[in-house]
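K.L.:
Need a 3D model of the following:
(one chain, ligands or ions: 1)
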Amino acid sequence: MPIETPKAATNGEKPRIRRAADEEEGDPAKYPHYLPVWDYSQKYPPLEPFTHHDPGKNADPSLKDLLPPGVATVKKLTPTIGTEITGVQLSSLSNAGKDQLALFAAQRKVLVFRDQDFADLPIEKAVEFGGYFGRHHIHPTTGSPEGYQEFNLVHQQRSSNGEFETFIAGKNSTVLWHSDVTYEEQPPGMTILFALELPEVGGDTAFANQVEAYRRLSPALKERLHGLKGVHSGVEQAEASARGGGIVRRAPVVTEHPIVRTHPVTGEKALFVNALTTRIAGLKKEESDALLGFLVNHIGRGLEYQVRVRWEPKTVVIWDNRVTAHTAIVDWTTTERRHLARLTPQAERPFETPYVPEE
Ligand code: SIN
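P.N.:
A predicted model of the protein is given here:
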């Protein structure tokens, strides 16, 4: 959920296009072709349903094409979430390796690949790589590199236009646990975020394991949650963008999804609520606020099932949005730029399977 909402045009007229490149201050961007562009003329029809074939289902569980023995170095970052990998170049993976990547991301929830050439690839090669994992999602409100709406850009920097200060003003903390665009009927699965430019220290991303968050609930609450649906809304995001003078590419949608969803490849059950879930269908407001508040707080406070990823130049982070929530950590105090690019392929419509007491 990047924060680069564009400011309103000051002369009272909306420009057709706004480019972050035209507003550069300080050192020039290292990846200028990845600076966000907001094109107000872009209007998209509602998303159509599609059949998602999850590449993880085809994967050889030995993971030998993804993590060749003697070549890849693999280190768990915590017991239940996060693995760091060196020695593997994502852009050179065979299709078998990509299938195994989808499986491994579902199993470990978050994968941190160091020393990648991803940011330096021709941009269409990065798009092609992401397209292997599902239909690219085009975000309704965020900036993208010119001509490549498949990317969702994070571009954060203190500058004289005050956007950064506006974002952090009036908050004790900007932590916002979310899964991406869960208001869509088919929210994303395996998701790719890569570093372009980073502060020397700070600007980490934290991830929570929603499978483990589900597992730690009491059997009585687990059973009660089955059958309940969360209402996920894109309205607030679209309204905030419009209010701030930003773009709205597609009319916002509101969608109900099961609160406990099952992963199509691992069969694991995960809590599926986050900052985009506005209420629980069928409950009165106070009941919904209390239960949803408990669940979102439970996901956010459980350091035992979270991982904090420290970015380094040339890092690519891959996570499975179906079974994780994440938040940026906006803690650096310098004017350094934090610039990341995300590809967010969509997956299946969330589904649930019956409650099983021992799970
Ligand atoms: C995102 O929400 O996808 C971006 C996370 C980050 O900025 O760390």
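
K.L.:
Quick check: which ranges of this structure have low pLDDT?
P.N.:
1-14 (pLDDT under 70).

K.L.:
Mind listing what's buried along the lengthiest helix in it?
P.N.:
Under DSSP state H, the helix in the chain containing the largest number of residues is helix 285-301. By 16 or more other CB atoms under 10 Å, the buried positions in helix 285-301 come out as 288, 291-292, 295-296, 298-300. To be clear about C-beta, it is placed using only N, CA and C from the backbone, and glycine gets the same treatment.

K.L.:
how about the nearest residue to whatever residue of the stretch 251-359 of the chain ends up closest to the ligand, chain neighbours excluded?
P.N.:
Here the stretch 251-359 of the chain gets closest to the ligand at one residue, Ala328, 3.4 Å apart by CB to the nearest ligand atom. Among residues not flanking Ala328 along the chain, Thr205 sits closest, at 5.7 Å (CB to CB, 6 or more residues apart in numbering).

K.L.:
Hmm, the one you found is touching Val317, no?
P.N.:
Yes - using CB atoms under 8 Å, Thr205 is in contact with Val317, at 6.7 Å.

K.L.:
which residues are in contact with both of these two?
P.N.:
When contacts are counted by CB atoms under 8 Å, 6 or more residues apart in numbering, Thr205 and Val317 have 193, 309, 311 as shared neighbours.

K.L.:
hang on, the first one in a strand?
P.N.:
Yes - with DSSP: H, G, I helix; E, B strand; the rest coil as the criterion, Leu193 is assigned to a strand.

K.L.:
Tell me how many other residues crowd the residue in the stretch 51-200 of the chain that the ligand sits nearest to.
P.N.:
Taking CB to the nearest ligand atom as the measure, the point where the stretch 51-200 of the chain comes nearest the ligand is Val154, at 4.2 Å. For Val154, the neighbour count with other CB atoms under 10 Å is 22.

K.L.:
measure the closest residue to His137 other than its chain neighbours to Thr142 for me?
P.N.:
What sits nearest to His137 in space, not counting adjacent residues and going by CB to CB, 6+ apart, is Thr344, at 4.5 Å. Using CB to CB, to the nearest Å, Thr344 is found at 10 Å from Thr142.

K.L.:
anything in contact with each of these two?
P.N.:
Asn152.

K.L.:
Now do the SS call for Phe85.
P.N.:
Just so we're on the same page, residue 85 is Ile rather than Phe. The three-state assignment at Ile85 reads strand, by three-state DSSP.

K.L.:
Was I right to think it contacts Val112?
P.N.:
Yes - using CB under 8 Å, Ile85 makes contact with Val112 at a distance of 7.0 Å.

K.L.:
ok, what's across the strand from the residue of the stretch 101-250 of the chain found nearest the ligand?
P.N.:
Nearest residue of the stretch 101-250 of the chain to the ligand (CB to the nearest ligand atom) works out as Thr205 at 3.5 Å. Beta bridges link Thr205 to Val309, Ala328 when assigned by DSSP bridges.

K.L.:
which residue ranges form the strands in the stretch 201-350 of the chain?
P.N.:
Assigned by DSSP state E, counting those that start in this stretch, the stretch 201-350 of the chain shows strands spanning 205-209, 229-233, 254-258, 260-262, 269-271, 277-280, 306-309, 316-320, 324-328, 338-343.

K.L.:
Having no further points to raise, I will conclude here.
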